[in-house]
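> Give me the fold of what follows.
(chains A and B)
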2 protein chains.
Amino acid sequence: MADKDKLVSRSEDFNEWYNSVVLRADMADYGPVRGTMIVKPYGWTLWENIQQALDQRFKATGVQNAGFPMFIPMSFLQKEAKHVEGFAPELAVVTHGGGQELGEPIVVRPTSETIIGHTYANWIQSYRDLPLLLNLWNSVVRWELRTKLFLRTLEFYWQEGHTAHATAVEAAERTRMMLDVYADFAINEAAVPVIRGEKSELERFAGANQTLTIEAMMGDGKALQSGTSHNLGQNFAKAFDIQYLDPNNELQYAWTTSWGLSTRFVGAIIMTHGDDNGLILPPRLAPYQVVIVPIYRKDAEKTAVLTAAQRIQQELTDAGIRVKMDDRDNLTPGYKFNDWELRGVPARIEIGPRDIEKNSVALARRDVPGRDGKQFVSQDGLAATVQALLVDIQASLLTRATQFRDENTHDVTNYDEFKTAVQTGFARVWWDGSNQEELKVKEETKATIRCFPLEQPEGSGTCFYTGRPANKIAIFGRAY
Amino acid sequence: MADKDKLVSRSEDFNEWYNSVVLRADMADYGPVRGTMIVKPYGWTLWENIQQALDQRFKATGVQNAGFPMFIPMSFLQKEAKHVEGFAPELAVVTHGGGQELGEPIVVRPTSETIIGHTYANWIQSYRDLPLLLNLWNSVVRWELRTKLFLRTLEFYWQEGHTAHATAVEAAERTRMMLDVYADFAINEAAVPVIRGEKSELERFAGANQTLTIEAMMGDGKALQSGTSHNLGQNFAKAFDIQYLDPNNELQYAWTTSWGLSTRFVGAIIMTHGDDNGLILPPRLAPYQVVIVPIYRKDAEKTAVLTAAQRIQQELTDAGIRVKMDDRDNLTPGYKFNDWELRGVPARIEIGPRDIEKNSVALARRDVPGRDGKQFVSQDGLAATVQALLVDIQASLLTRATQFRDENTHDVTNYDEFKTAVQTGFARVWWDGSNQEELKVKEETKATIRCFPLEQPEGSGTCFYTGRPANKIAIFGRAY
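Residues are numbered from 1 along each chain as shown, chains lettered A, B, ... in the order given. This is a model prediction of the structure:
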């Protein structure tokens, strides 16, 4: 809940702004075990809306949900060499169960490729069992010490998709298809304009041949990797012996993919759209799309105002709008306005005795502060008016975020320009560096290759760092 | 998938029947860590339908969802004496994280009362913060050695509700309200006729003042506890210091409740409705309500049949019916019939060349085997015909299960009759025994007090076991 202290501004301390907003908007809290997070109902409902928007997209591509155990034998992790190298340092290990020390330690899944690999090897016998397209909604554990609510927590919620295919082409198509699903979701549901691209070898998922990513720019110009889709080639199929008989009765290794999007995306929404007054939630995902604040002074006014407010609430609810009525009687309207602004509800309806007389309400949009964002509208046809406003807010948020990103993305051709660009945004460059050179740039500037965008220009250029001829464009940025 | 071996009959070996059906119907599989379960898409979709039916009921009573960490400091468990006594033997303990031994061991939640207690103590300050009504959809871990898919697994999926109230009365009302929600769900969605009742002191949840339960009778006459609702009194409030300022500015302890229903309920559905041919799923929860099996011999027939089948699939889908088209071309219709019978799809549509000529289809209901359950109906208005059939199947399943339960529930007045009754069903008795006597009965007969039904007869009687006057009726049974 809002208290009287003003939020620190984003330009003053973006990090502090973020932490305060998350806590004060009742999105999340810290758990008792260091690094863990409690997602409060307001944050959880946002996550549920994200889940729903993704889940229907997954199912439309033929994916089914399943449930896999959180416990994985330690030995499974060791079967894929690069995978264990990537995840071993972050594991939580169960050594005792039911009062006994275990023969083999068990890990809490950091991700499920290994247990999926083991299981798919049992389930897949013939080409008729392919493709196998599963998704899991669960939580995973990675032992992080520098935690930040939603962005990096010891346990986080996500979905992990795992598919197996008969051919390399199908696996590549699926990897790309799920990236496109993520991009469609991010842009059209969350109003977060993401760049689709491919990760460099250094930034790839541990065990993947290719990692595709959607990258977003946050309000401080830093990058947030917001969802990834991995082509695992035959690496896990060979490590776990996922083989099938093809139509010629010959044994073949399957080709697998995995792809995930997590509660980190809640952080993306907060840091893309928020302003100095708090959150601004995109209408399509907001837990409440509209808050109604009834305004009255005397008891005589109260009944009439509440009756009208409840009628409006019902009308909007019947029209499929998610409405919150704030009838708390120990708080002033001004306090409530600040509170719901902080919590980012896209639209606010104020109704008082004079509005009732005039058959109107005041309708304020969260994305335009102050008087400019407020209009008086008729109570007749209010549901349609509100719906149109929500559509407009959704579109405006996307436009604004896209403009911000584009204004803070700079085409640079030398290292000095590069260093300036990544202070406040992205650098878009021709790149022909080695892994060592990429690491060097990171060391010197904290900027990493966020991706090689899928949309590449024609032709070629000169690598800004090595001066060598280069045939692809990379986007660099400092990342969360 | 069905294979050619016939299922063992339920009367021959109910336990073996259950295990085979779960595996062969593709509901679940064993995980690699002993005691863990993989829920396959068919079983998971059933669970998702259960979740949806419960979730909307919870929300209608003002409950909101949230997400709490799976990791709890070991010390939390020790704060409520009875709670730790109940759960300590079943804990999974994490001793290492991120490559280091932990200062304090962490447990994977066996249930969340303790972390909820700790957190509510922070969140609740004033009577205005009450009631606090949260629910978590998650999984919990209890180190079980004798596991059985869905019924008892090391990790299982469930929801756990946790509420805090200002008064004892409100907490008691909430405990009962959630029991009624469970009963309404069980009866009207799952067609599982449950008995609402109160647990004896011995069978109470560890740390509760009162445990209410819904108890169901399985197809072998054994009982399955299918959902519980606990009044925790001030036990956890005192252990975790959940205090609030009342309107007179005096500090009071809150009153709390918790309530849960798990994937165990999938087992209840299987064992309530299944027959010797496999599962029978209640239409309201079934992943597929109808399967369409196109029948053709020659290629010339194939196109016409598949076209008609697809049109019907579309019509039913548009009417909101969940339809599966089985167009696998390497299997015979007979194989498919058996397969979908095993998997318990409530209704089957067969369509072949002669049906197309006659503008009809064959419509078979899963709950009535053979020719009696099959009729030829017009393709005109088929969606309405199918919908009416599904309603009828749902009702018939409930009637049949209720009759079975009532026929196998015996009012008995002495121990000999009791021993006979609990071999095959429930014994309904006057009871005035002590905890010691209750344990003795369990030792001698394996039967336990399933509950004291909420609906008690007028008057009093004589305890079947002690011969003392008794003023309440108990239901005894052997339980899963």
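
> Quote the end-to-end distance of stretch A:251-260.
By Cα to Cα, to the nearest Å, the extent of stretch A:251-260 from end to end equals 30 Å.

> pLDDT wise, what is A:Ser378 at?
According to the model's per-residue confidence, A:Ser378 sits at a pLDDT of 98.

> do the same with the one 3 residues further on
For A:Gly381, the model assigns a pLDDT of 97.

> do A:Ala81 as well
A:Ala81 is assigned a predicted lDDT (pLDDT) of 85.

> That one: how many residues sit nearby?
For A:Ala81, the neighbour count with other Cβ atoms under 10 Å in any protein chain shown is 12. C-beta: built from backbone N, CA, C; applies to glycine.

> cool, and A:Lys6?
Using other Cβ under 10 Å, A:Lys6 has 11 neighbouring residues.

> my hunch is that it is in a strand, does that hold up?
No. Going by DSSP: H, G, I helix; E, B strand; the rest coil, the assignment for A:Lys6 is coil, not a strand.

> where's it relative to B:Gly344, distance?
60 Å (Cβ to Cβ, to the nearest Å).

> Equivalent analysis for A:Asp5, please.
The span separating A:Asp5 from B:Gly344 equals 59 Å under the rule Cβ to Cβ.

> out of the two, which sits in the busier spot?
For the pair A:Asp5 and B:Gly344, the greater number of neighbours falls to B:Gly344 (27 against 8), based on other Cβ under 10 Å.

> Got the confidence number for the more buried one?
The model's pLDDT for B:Gly344 equals 98.

> How about A:Ala2?
Note for A:Ala2: predicted pLDDT of 44.

> what about the helix or strand encompassing A:Lys336, distance to the chain center?
A:Lys336 is part of helix A:333-342, with elements assigned from DSSP states H and E. Taking the mean C-alpha point of helix A:333-342 and that of its whole chain, the gap between them comes to 26 Å (Cα atoms, centre = their mean, to the nearest Å).

> wait, does that helix contact chain B?
No. Under the criterion of Cβ under 8 Å from any Cβ of the partner chain, helix A:333-342 makes no contact with chain B; the nearest approach is 13.7 Å.

> A:Tyr157 and A:Thr263 touch, don't they?
Yes. Distance between A:Tyr157 and A:Thr263: 4.6 Å, which falls inside the contact criterion (Cβ atoms under 8 Å).

> Need the residues touching each of the two.
A:Val39, A:Trp47 (Cβ atoms under 8 Å, 6 or more residues apart in numbering or on different chains).

> A:Arg128 falls within a strand, correct?
No. Looking at A:Arg128 with three-state DSSP, it is helix, so not inside a strand.

> Name all residues that make contact with it.
B:Asn330.

> Which pLDDT value goes with it?
Reading off the per-residue confidence, A:Arg128 sits at a pLDDT of 96.

> Please tell me how far A:Thr175 sits from B:Glu155.
A:Thr175 is 30 Å from B:Glu155, by Cβ to Cβ.

> If you count surrounding residues, which of the two has more?
A side-by-side neighbour count of A:Thr175 and B:Glu155, using other Cβ under 10 Å, places A:Thr175 first with 26 against 23.

> just how off-centre is the helix or strand hosting the more buried one within its chain?
Assigned by DSSP H and E, A:Thr175 belongs to helix A:168-188. Average the C-alpha atoms of helix A:168-188, do the same for its chain, and the two points are 15 Å apart (Cα atoms, centre = their mean).

> What helix or strand is the residue sitting furthest away from the middle of chain A located in?
Among the residues of chain A, the one whose C-alpha is farthest from the average of all C-alpha positions is A:Ala300, by Cα atoms, centre = their mean at 47.4 Å. Secondary structure here is read from DSSP H and E; on that basis A:Ala300 sits in helix A:299-318.

> A:Arg328 now?
Secondary-structure element containing A:Arg328, defined by DSSP H and E: none, the residue being outside all helices and strands.

> State the number of residues packed around it.
13.

> With the one 10 residues further on instead?
Using other Cβ under 10 Å, A:Asn338 has 18 other residues around it.

> In terms of pLDDT, where does it sit?
The pLDDT attached to A:Asn338 in the predicted structure is 96.

> And A:Thr147, by the same measure?
Per-residue confidence for A:Thr147 comes out at a pLDDT of 87.

> Ok, the one 4 residues further on next?
In the predicted model, A:Leu151 carries a pLDDT score of 97.

> Is it in contact with A:Gly267, as I believe?
Yes. Under the criterion of Cβ under 8 Å, A:Leu151 is in contact with A:Gly267, at a separation of 4.4 Å.

> got the contact list for the nearest residue to A:Ile449 once chain neighbours are set aside?
Distances taken as Cβ to Cβ, 6 or more residues apart in numbering or on different chains place A:Ser200 nearest to A:Ile449, at 4.4 Å, with adjacent residues excluded. Taking Cβ under 8 Å, 6+ apart as the criterion, A:Ser200 is in contact with A:Asn435, A:Glu438, A:Ile449, A:Phe452, A:Ala474.

> Can you tell me the element the third one falls in?
Assessed by DSSP H and E, A:Ile449 sits inside strand A:447-453.

> and if you look at the second one?
Secondary structure from DSSP H and E places A:Glu438 in helix A:435-445.

> What of the last one?
When secondary structure is defined by DSSP H and E, A:Ala474 falls within strand A:472-478.

> For that strand, name the packing helices and strands.
With contacts defined as 3 or more Cβ pairs under 8 Å, 6 or more residues apart in numbering or on different chains; DSSP states H and E, strand A:472-478 has these neighbours: strand A:210-217, helix A:415-424, strand A:426-431, strand A:447-453.

> Any chance of those in CSV with mean pLDDT, mean neighbour count and distance to B:Phe68 as columns?
CSV is the format used below for these (pLDDT from 0 to 100; neighbours: other Cβ atoms under 10 Å in any protein chain shown; distance: least, Cβ to Cβ, whole Å):
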stretch, mean pLDDT, mean neighbour count, distance to B:Phe68
strand A:210-217, 98, 25, 28
helix A:415-424, 97, 16, 38
strand A:426-431, 98, 25, 37
strand A:447-453, 98, 22, 33
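
> Turn the ones you listed into JSON lines, including distance to B:Trp340.
Shown next, in JSON lines, are these (distance: least, Cβ to Cβ, whole Å):
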{"stretch": "strand A:210-217", "distance to B:Trp340": "38"}
{"stretch": "helix A:415-424", "distance to B:Trp340": "59"}
{"stretch": "strand A:426-431", "distance to B:Trp340": "54"}
{"stretch": "strand A:447-453", "distance to B:Trp340": "46"}
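
> Can you tell me which of those is nearest to A:Ala304?
A:Ala304 lies closest, by Cβ to Cβ, to one member of the helices and strands packed on strand A:472-478: strand A:210-217, at 46.4 Å.
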